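Colleague: everything below, folded, please.
(one chain, ligands or ions: 1)
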Amino acid sequence: MKMRNPPVNSLSLEFLTELLISLEKLENDKTFRGIIITSDCPGIFSAGLDLLEMYGRDPAHCAEYWKAVQELWLRVYLSNLVVIGAINGISPAGGCLLSLSCDYRVLANNPKYAIGLNETLLGIIAPFWFKDVLVNTIGHRAAERALQLGFLFPPSDALQVGIVDQVVPEDQVQSTARSVMAQWLAIPDHARQLTKNLVRKPTADRLLQQRDADIQNFVRFISRDSIQKSLHVYLEKLKQKKG
Ligand SMILES: CCCCC/C=C\CCCC/C=C/C(=O)SCCNC(=O)CCNC(=O)[C@H](O)C(C)(C)COP(=O)(O)OP(=O)(O)OC[C@H]1O[C@@H](n2cnc3c(N)ncnc32)[C@H](O)[C@@H]1OP(=O)(O)O
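Modeller: Numbers count the residues shown, from 1 in each chain. Have a look, this model is predicted:
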């Protein structure tokens, strides 16, 4: 699955909906046993959640958006398919969550391709289920530092901390992802799927048990004047960077 939402593969409501529909189709087609998620935007896996879906929007829109974010996460995280991330670009925040929700992550060795939950740098916070997935992946102490400081790990650090499973030369990302897929597909589906569910269900259940409350928390938080100001400042910084 090649993500194509130029210029930066931001996860807009429309794009999330497209991804959800595509994933559902693949899940329902029994001829598919695995997917490799990668990007068609040069140098960018995904810029994460679309800031324009959270800035200057009314509460109803924010609620609809957050529901779609939850939905995509649950679908990828709990997918019965083998999901491999072929991460061929930078993947901050929501892009990192998407990567972390794969079963295996291969990152291209380019110092610009940083990965991490950088929410605090935007003046916002990673929701508890983003945090849970990071803690599950790199451990409590490393996650505590990474989340507070908004670390974006370059490939060598990402491998060292375990946020990705493998770092390979850029031209080998897709072929490595395919070899990894072959290994994973060698395992009988029912055994692998039940095991995946056993490991991941408790984390997903934490959100499933309080989805509506999570949406309300998000809407309340994102609607605060101080948070809207932080988003404004961050968006202006992105604009000014262009010069
Ligand atoms: C108490 C309860 C709490 C509950 C929960 C509360 C809080 C909410 C949690 C929300 C979690 C948030 C998760 C996220 O994912 S936030 C997004 C994080 N993403 C980033 O920080 C990345 C920002 N972008 C960049 O750093 C760069 O754009 C880049 C990806 C490195 C690419 O750089 P470059 O190739 O130089 O492109 P430009 O910077 O020039 O960007 C091109 C245009 O794209 C716009 N852009 C970039 N990123 C985003 C984005 N994430 N959303 C929307 N738009 C984006 C950028 O502004 C440019 O637009 P322009 O052409 O119109 O100027």
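Colleague: tell me the mean pLDDT for the helix or strand Ile35 falls within?
Modeller: Using DSSP states H and E, Ile35 falls within strand 34-39. Model confidence over strand 34-39, given as mean pLDDT, is 98.
Colleague: quick one: it to chain centroid distance?
Modeller: 13 Å (Cα atoms, centre = their mean, to the nearest Å).
Colleague: quick one: list the elements packing against that strand.
Modeller: Under the contact criterion of 3 or more Cβ pairs under 8 Å, 6 or more residues apart in numbering; DSSP states H and E, strand 34-39 touches strand 2-3, strand 82-87, helix 173-185. Placement of C-beta: from N, CA and C, glycine included.
Colleague: outside of the lowest-mean-pLDDT helix or strand in the chain, which residues touch it?
Modeller: When the helices and strands of the chain are scored by mean pLDDT, DSSP states H and E, helix 225-241 comes last with a mean of 94. Applying Cβ atoms under 8 Å, 6 or more residues apart in numbering, the contact partners of helix 225-241 are Leu51, Leu52, Met54, Tyr55, Gly56, Leu121, Leu122, Gly123, Ile124, Phe221, Ile222.
Colleague: how far is it from where the chain is centred?
Modeller: How far helix 225-241 lies from its chain's middle: 22 Å, per Cα atoms, centre = their mean.
Colleague: so is that helix next to the ligand?
Modeller: Yes - residues of helix 225-241 contacting the ligand under Cβ under 6 Å from any ligand atom: Leu238, Lys239, Lys241.
Colleague: re earlier: partners of the strand holding Ile35 in the sheet?
Modeller: Strand 34-39 has the following strand partners under DSSP bridges: strand 2-3 (parallel), strand 82-87 (parallel).
Colleague: can you list the residues that contact the last one?
Modeller: Identification of contacts with strand 82-87 by Cβ under 8 Å, 6+ apart yields 33-39, 45, 76, 98-99, 101-108, 113, 115, 164, 173-174, 176-177, 180-181, 184-185, 192.
Colleague: ok, now the shortest one?
Modeller: Counting contacts by Cβ under 8 Å, 6+ apart, the residues outside strand 2-3 that touch it are Asn9, Phe15, Leu19, Ile37, Thr38, Ser39, Asp40, Cys41, Phe45, Ser46.
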